[in-house]
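[1] let's see this in three dimensions:
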Amino acid sequence: MARGWVAATVRAKAMARRRIGAGAARRIAMAPSLSDGLGLLAGTAYEKAAATGTSLREAERLIGEAELWELRVLAGWVPGSAVGLARALGARYERANIEAHARALEEGAPQYLFQLGSLALSWPRLAATTSQESLRNALASSPWGDPGAADPETLHDVLTLRWLRMVAAEAPTAMLWAAGAAVLVAARLVLVVGAAPTEGTIHASAPLIGTDWLKSSSVAALRKAVPSAGRWALEGVGDPADLWRAEARLAARIESDGFRLLRRGTPGPEPFLGSVAVLAVDGWRLRAALGDAALGAGPGEVFDVVA
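    The predicted structure is shown next:
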């Protein structure tokens, strides 16, 4: 197996070196305007976003395109045995497309869609649906499963949880990331939104964090209700208003683990997963930096958590 991974591992490590990094992201966050911040992207992997007149929303989309392109390139180098892992990691872009398609069906307005190429799970068939009912039916017969409803609000949480399950199933190394992220979905639902989760959401969460979280009315209660694999995500959080810190800590954990996987000497799926993780957090941090630049207020507190 290692011989088949040699070229993919070399490419994964090279691709990870294309990241912006924490230092450059902080400089972008310190830019006096969005335009100035975007200008600092010239010559980087995110150069397309540096064009004059790019809005924050367009920049975020272009960052996503760059992330997807990097993943598609890496996926082209992995052995056939890792196709499932590559598609699971890329499923977050198919999830974004499904949500965008659902909004288009609801609002009647076209939405931006990612070009998934060989990473698509069921997207061509899902994209052909013309109503929420047909979309739900198509999802039910796809790897995503029946979401219970096909409105954009329901889809976001259900598809996020099912994407996390896909990643954990293909990469046991990522189980702590997936469980931690699932806990944050649960925390938002029961402590911030306050509405009763849908049956689809409950069913999708169960394999990762069980269902005891449904009765939680505080961060402390939620921490006790979820399995230890995801409990760490709430460490140091005492109030729902501080959940953003948990999200930033999750990103920091994924990046740290990603670098550790990249440093492994034996070629294999670990450096590939590490590269994808590091690049994903790089894009996440860059979006935060550009948001700060757009406000003109300097680096936000998130940079103190994700150094």
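[2] what's the end-to-end length of stretch 140-150?
    11 Å (Cα to Cα, to the nearest Å).
[3] what about that stretch, average pLDDT?
    What stretch 140-150 shows for mean pLDDT is 94.
[4] do the same with stretch 206-223
    Mean per-residue pLDDT for stretch 206-223: 95.
[5] helices along the stretch 151-300 of the chain, start to end?
    Per DSSP state H, counting those that start in this stretch, the stretch 151-300 of the chain carries helices over the ranges 152-170, 175-187, 199-209, 219-225, 228-231, 243-262, 269-295.
[6] what about the second one, distance to the chain center?
    When C-alpha coordinates are averaged (Cα atoms, centre = their mean, to the nearest Å), helix 175-187 and its chain have centres 12 Å apart.
[7] show me the contact partners of that helix.
    With contacts defined as Cβ atoms under 8 Å, 6 or more residues apart in numbering, helix 175-187 is touched by 157, 160-161, 164-165, 167-168, 205, 208-209, 213, 216, 219, 222, 226-227, 229-234, 240, 243, 246-247, 250, 253-254, 257, 277. Bear in mind the C-beta positions are built from the backbone N, C-alpha and C, glycine included.
[8] the first one too?
    Contacts of helix 152-170 from elsewhere in the structure, counted by Cβ under 8 Å, 6+ apart, are 84-85, 88-89, 91-92, 95, 98-99, 102-103, 106, 143-145, 147-149, 174-175, 177-179, 181-182, 185, 189, 197-198, 200-201, 204-205, 207-208.
[9] now the residues you listed: which count as buried?
    Buried members of the contacts of helix 152-170, scored by 16 or more other Cβ atoms under 10 Å, are 85, 88-89, 91-92, 95, 98-99, 102-103, 144-145, 147-149, 174-175, 177-179, 181-182, 185, 189, 197-198, 200-201, 204-205, 207-208.
[10] measure the closest residue to A179 other than its chain neighbours to P269 for me?
    Distances taken as Cβ to Cβ, 6 or more residues apart in numbering place G230 nearest to A179, at 3.3 Å, with adjacent residues excluded. Distance from G230 to P269, counting by Cβ to Cβ, to the nearest Å: 23 Å.
[11] now I63
    Distance of I63 to P269, given as Cβ to Cβ: 25 Å.
[12] tell me the pLDDT of the closest residue to F272 other than its chain neighbours.
    Excluding its sequence neighbours, the residue lying closest to F272 (Cβ to Cβ, 6+ apart) is A12, at 4.8 Å. pLDDT, A12: 95.
[13] the one 3 residues further on too?
    Confidence at M15, expressed as pLDDT, is 95.
[14] dump the host helix or strand of it to CSV, restricted to CA.
    Using DSSP states H and E, M15 falls within helix 2-16. Provided in CSV are the C-alpha atoms of helix 2-16 (Å, rounded to 0.1, in the frame of the first residue of the first chain):
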residue,chain,number,x,y,z
ALA,A,2,2.8,2.4,0.9
ARG,A,3,4.3,2.2,-2.6
GLY,A,4,1.1,3.3,-4.1
TRP,A,5,1.0,6.3,-1.8
VAL,A,6,4.4,7.7,-2.4
ALA,A,7,3.5,10.2,-5.2
ALA,A,8,0.3,11.1,-3.4
THR,A,9,2.2,11.8,-0.2
VAL,A,10,4.7,14.0,-1.9
ARG,A,11,1.9,16.0,-3.6
ALA,A,12,0.0,16.3,-0.4
LYS,A,13,3.0,17.8,1.5
ALA,A,14,3.7,20.2,-1.4
MET,A,15,0.0,21.3,-1.6
ALA,A,16,0.0,22.0,2.1
